[in-house]
Each structure stands twice: as structure tokens, then as C-alpha cells.
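> below are the sequence and a predicted model; questions follow.
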Amino acid sequence: MKTLMTCPCGEQIRGKDEDELVELTQAHLSAEHPGREYDRDQILFMAL
């Protein structure tokens, strides 16, 4: 199970499970990188 994502901006995003990781990553993208969107598969591909 992947629970850690490092955004190219350097922000580390950690979730308790993959669902939370995807949710937190999408929230980070909306807040910090408007217009940049990744779907679940793309996020999990980049996550650890």
C-alpha cells in the first residue's frame, strides 16, 4: 500500500491509506497548483 507522495514542489503528503493519500494530494494540487490535476492512478504511480 502506498501512503507517501512527494510533490515536485517538495511538499510531502502522507495518508493513512491510499484513499486518504489520493484525497490529500488532490487537495494539495487544488490549493497550491491550480489547474494541475492528477487522477488516482497517476497519483499512486508516483507515490511510495
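Yep, that arrived. Numbers count the residues shown, from 1 in each chain.
> make it CA atoms for all contacts and neighbour counts henceforth
Noted.
> would you map the strands across the protein?
Here the chain has its strands, by DSSP state E, at 4-6, 12-14.
> can you lay out those strands as JSON lines showing mean neighbour count and distance to residue 43?
As requested, these are arranged in JSON lines below (neighbours: other C-alpha atoms under 10 Å; distance: least, C-alpha to C-alpha, whole Å):
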{"stretch": "strand 4-6", "mean neighbour count": "19", "distance to residue 43": "8"}
{"stretch": "strand 12-14", "mean neighbour count": "16", "distance to residue 43": "11"}
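> can you count the residues close to residue 23?
Around residue 23 there are 13 other residues, counting by other C-alpha atoms under 10 Å.
> what residue lies at the spatial centre of the chain?
With distances taken as C-alpha atoms, centre = their mean, the residue of the chain nearest its centroid is residue 25 (2.7 Å).
> who's in contact with the biggest helix by length in the chain?
For the chain, the longest helix by residue count, based on DSSP state H, is helix 18-32. Contacting residues not belonging to helix 18-32 are listed as 1-5, 13-15, 36-38, 40, 43-44 [C-alpha atoms under 8 Å, 6 or more residues apart in numbering].
> show the buried residues in the residues you listed.
Listed as buried from these are 2, 3, 4, 5, 13, 14, 15, 43, 44; burial here means 16 or more other C-alpha atoms under 10 Å.
> picking up where we left off before, using a markdown table, lay out the strands of the chain together with mean pLDDT.
Formatted as a markdown table, these follow (pLDDT from 0 to 100):
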| stretch | mean pLDDT |
| --- | --- |
| strand 4-6 | 97 |
| strand 12-14 | 98 |
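> ok now stretch 26-37, how far from the chain's centre?
Averaging C-alpha positions (C-alpha atoms, centre = their mean, to the nearest Å) puts stretch 26-37 9 Å from its chain's average.
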